[in-house]
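Q: Fold the following for me, if possible:
(2 chains)
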Amino acid sequence: MATTTNTNSVSSGLTAKARTSSVYEWIDQRLGLSDLAAFARKKTVPVHAHSFWYYWGGITLFLFMVQCFTGVLLLVYYRPGAEAYESVRQITFVMHFGWLIRSAHSWSANLMLFTILVHMFSVFFMKAYRKPREFGWLSGMVLLVLAAAFGFSGYLLPMDQLSYFATKVGLAIPAAIPGIGPVVANMLRGGTDVTEFTVQRFFALHVVVLPAIFIPLLAFHIWLVQKHGNAVPPSEEAKPVSERRSMPFFPHFFRKDLAMWLVSLNVLALLASVFPWQLGKQFDALAPAPVGIHPEWYFMSPFEMLKMLGAVLPGEIGEIAGLLLFTLGIVLWILIPFYDSRTENGRRARNAHYFGLLAMFLLLATTAIGYWTVK
Amino acid sequence: MSDTFTSSHIIPVPAEAGEVHTRRGFLVAAGVAGACYAGALAYPIYRYLASPVESALSEAAVTEVTLKDAQKLPPGSVLMFKFGTRPALLIHHVDDRWVSMTAVCTHLGCTVQYEAQADRIHCSCHGGVYNPYTGANVSGPPPKPLTLYKVKVDATGVVVSRA
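A: As a prediction, this is how the structure comes out:
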């Protein structure tokens, strides 16, 4: 039992402080909390001109937690299958504040995909994929794909006109894979068309399968950051160690981190309440696609690129060429740590930097053109 | 890296305009802000989760139910219906008396049934027996009688209302 040596102790019996410290010791002897506390005390964050970008992974994490929370709330009333639309209609128009919870979930999904992209590009330009952080980069790419799958599967769940057509069009992409494409698309759809079978399997994916894969991978991704610390950009690495500044994670950076999370919460709350997410008419397989149909912004880029390539190389060739080009681009992006691996900033480092700028430009340009050409 | 976390309460953090913040001050401010945010979030979440409770309560506040065509119920038979949110029964006895009462057993809430041959109301959960004319608890564990409703029979249906 710990003896207390506080000079501030109240004369009658154990102080609250002494009691807490003996409880802490009891737990610590069994779980090793003091090792964690020692690590937390030592943890620092580099301070330099680009430190601002260190927040964006954490903001993404915050938005993911918002998704889990609002998702569970929606799960209380959502019914997959034939009653999907009706259950979302009830959530939106009957349940008190259901509109707000749904709106927060949809907005947070969009914001999360945006912050993932900011996080990914800032990691890229800071060259935080270099040794020993390659696994961080690779796990991050898988997390990106999973997040896109979350977005795609979740989008169908209300089964309104927009969801239905977005899914129909979106599934054309896997269907275009030579050979196995149609089989894959049929398995995803649960048939040859988007029906209530589709919504039920997308629901299973969205609520069980994807979280079961995402969460452990995210834990791995975050653990890697604790293990290796934040990377510093090449300009900072060039400085001698004595000239590099850092701040303790607790409480300095943690405070700022929490403040950024608060800002994100406020932005989300404003967007969700001032621009509430709409619900269209119930899906109708016989109705024609609505004029100006287009995917959500995070899929607009590949959508537009495929369209543009299809205009240049018509037919099957165009589709396959588009897919191949896009896949090649993604593969190169994923493999960048093995191309730009040295710490000296020579030709490869510069090439990687230009590749990043090109990728960013292409994404932004094709997204903008996509919206411009929407009727 | 020097250990800046001593056992004292005062830790200087980067000074802003000459102010010195304390750990306690930060925790109190964070706690208050957190409580405000928690409250602002908890209210809509509570109302959202309680929505069906609110509608069930307003449904249960019903005082009268009209059973269309129930006047055609043959003598010696029973009609089970919902009064508000709870099961109820309407009996047209062989002596032409109409009786209606709640069908929720006063013991542990099972739904009771009218047995025409035995001319009794019986609860299969624990063997409670009620009088089919007065609702009185005749035997078994039920501690209280079944609440009777007022019955008005006319040419188009039967109106059951709270006594």
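
Q: Show me the shaky parts of the chain.
A: Just going to use chain A. Low-confidence segments of chain A (pLDDT under 70): A:1-13, A:375.

Q: try chain B instead
A: By pLDDT under 70, the low-scoring segments of chain B are B:1-21.

Q: Show me the domain layout of it.
A: For chain B, automatic domain parsing gives the domain ranges B:1-60, B:64-162.

Q: Tell me if the helix or strand where A:W26 lies is near chain B.
A: Assigned by DSSP states H and E, A:W26 belongs to helix A:16-31. No: for helix A:16-31 and chain B, the contact criterion (CB under 8 Å from any CB of the partner chain) is not met; the two come no nearer than 9.9 Å. (C-beta placed from N, C-alpha, C; glycine too.)

Q: any idea how far that helix is from the chain center?
A: The chain centroid and the centroid of helix A:16-31 are separated by 38 Å under CA atoms, centre = their mean, to the nearest Å.

Q: list the buried ones in that helix?
A: Neighbour counts over helix A:16-31 (16 or more other CB atoms under 10 Å in any protein chain shown) mark A:18, A:21 as buried.

Q: circling back to that earlier point, highest mean neighbour count out of the domains of chain B?
A: Highest mean neighbour count of these: domain B:64-162, a mean of 16 (counted as mean count of other CB atoms under 10 Å in any protein chain shown).

Q: Contacts only, for A:A321.
A: Neighbour list for A:A321: A:309, A:313 [criterion: CB atoms under 8 Å, 6 or more residues apart in numbering or on different chains].

Q: all strands of the stretch 51-200 of chain A, in order?
A: In the stretch 51-200 of chain A, no strands are found when defined by DSSP state E, counting those that start in this stretch.

Q: excluding its backbone neighbours, what's nearest A:M95?
A: Counting by CB to CB, 6 or more residues apart in numbering or on different chains, A:M95 lies nearest to B:S51, which is 4.3 Å off, once chain neighbours are set aside.

Q: can you confirm that neighbour is in a strand?
A: No: counting by DSSP: H, G, I helix; E, B strand; the rest coil, B:S51 is not found in a strand; it is helix.

Q: on that earlier part again, got a markdown table for the domains of chain B, with distance to A:V145 too?
A: Compiled in a markdown table, the domains of chain B are given as follows (distance: least, CB to CB, whole Å):
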| stretch | distance to A:V145 |
| --- | --- |
| domain B:1-60 | 31 |
| domain B:64-162 | 47 |
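
Q: looking at those domains, which is closest to A:M308?
A: Comparison of these against A:M308 by CB to CB identifies domain B:1-60 as nearest, at 44.0 Å.

Q: can you give me how far stretch A:266-273 is from the chain middle?
A: Worked out by CA atoms, centre = their mean, stretch A:266-273 lies 18 Å from the chain centre.

Q: swap in stretch A:176-191?
A: Worked out by CA atoms, centre = their mean, stretch A:176-191 lies 26 Å from the chain centre.

Q: now do stretch B:125-132
A: 23 Å.

Q: likewise stretch A:42-56?
A: Computed by CA atoms, centre = their mean, the chain-centroid distance of stretch A:42-56 equals 20 Å.

Q: distance between the ends of that stretch?
A: Terminal residues of stretch A:42-56 are spaced 22 Å apart (CA to CA, to the nearest Å).

Q: Show me which residues of it are buried.
A: Buried, per 16+ other CB under 10 Å, within stretch A:42-56: A:43-47, A:51, A:53-56.

Q: Next secondary structure element downstream of the helix holding A:W26?
A: helix A:33-42.

Q: residues touching residue 154, list them.
A: Going with chain A. So A:G154 contacts A:109, A:202, A:206 (CB under 8 Å, 6+ apart).

Q: other chain: chain B
A: Taking CB under 8 Å, 6+ apart, one finds B:Q71 in contact with B:D154.

Q: got it, and B:T156?
A: By CB under 8 Å, 6+ apart, the contact list for B:T156 reads B:68-69, B:71.

Q: Let me see the contact set for A:I336.
A: By CB under 8 Å, 6+ apart, the contact set of A:I336 is A:124, A:129, A:137, A:352, A:355.

Q: Farthest-apart pair in those residues, please.
A: Across the contacts of A:I336, no pair lies farther apart than A:W137 and A:F355, at 14.1 Å, counting by CB to CB.

Q: Dump the contacts of B:T156 to TSV, plus distance to A:L74 and secondary structure.
A: Output for the contacts of B:T156, formatted as TSV (distance: CB to CB, whole Å; DSSP: H, G, I helix; E, B strand; the rest coil):
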residue	distance to A:L74	secondary structure
B:K68	38	strand
B:D69	42	coil
B:Q71	46	helix
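
Q: Leaving out chain neighbours, which residue sits closest to A:A176?
A: Per CB to CB, 6+ apart, closest to A:A176 is A:E319, 5.0 Å.

Q: The one you found sits in which helix or strand?
A: Element membership of A:E319 [criterion: DSSP H and E] is helix A:315-334.

Q: Would you mind putting the CA coordinates of that helix into CSV?
A: Provided in CSV are the C-alpha atoms of helix A:315-334 (Å, rounded to 0.1, in the frame of the first residue of the first chain):
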residue,chain,number,x,y,z
GLY,A,315,-16.3,2.0,-76.9
GLU,A,316,-14.8,-0.9,-75.0
ILE,A,317,-11.3,0.3,-75.7
GLY,A,318,-12.0,3.6,-74.1
GLU,A,319,-13.4,2.0,-71.0
ILE,A,320,-10.6,-0.4,-70.5
ALA,A,321,-7.9,2.2,-71.3
GLY,A,322,-9.5,4.5,-68.8
LEU,A,323,-9.5,1.9,-66.1
LEU,A,324,-5.9,0.9,-66.9
LEU,A,325,-4.6,4.4,-66.8
PHE,A,326,-6.4,5.1,-63.5
THR,A,327,-5.2,1.9,-62.0
LEU,A,328,-1.6,2.6,-63.2
GLY,A,329,-1.8,6.0,-61.6
ILE,A,330,-3.0,4.6,-58.3
VAL,A,331,-0.4,1.8,-58.3
LEU,A,332,2.4,4.4,-58.9
TRP,A,333,1.0,6.5,-56.1
ILE,A,334,0.9,3.5,-53.7
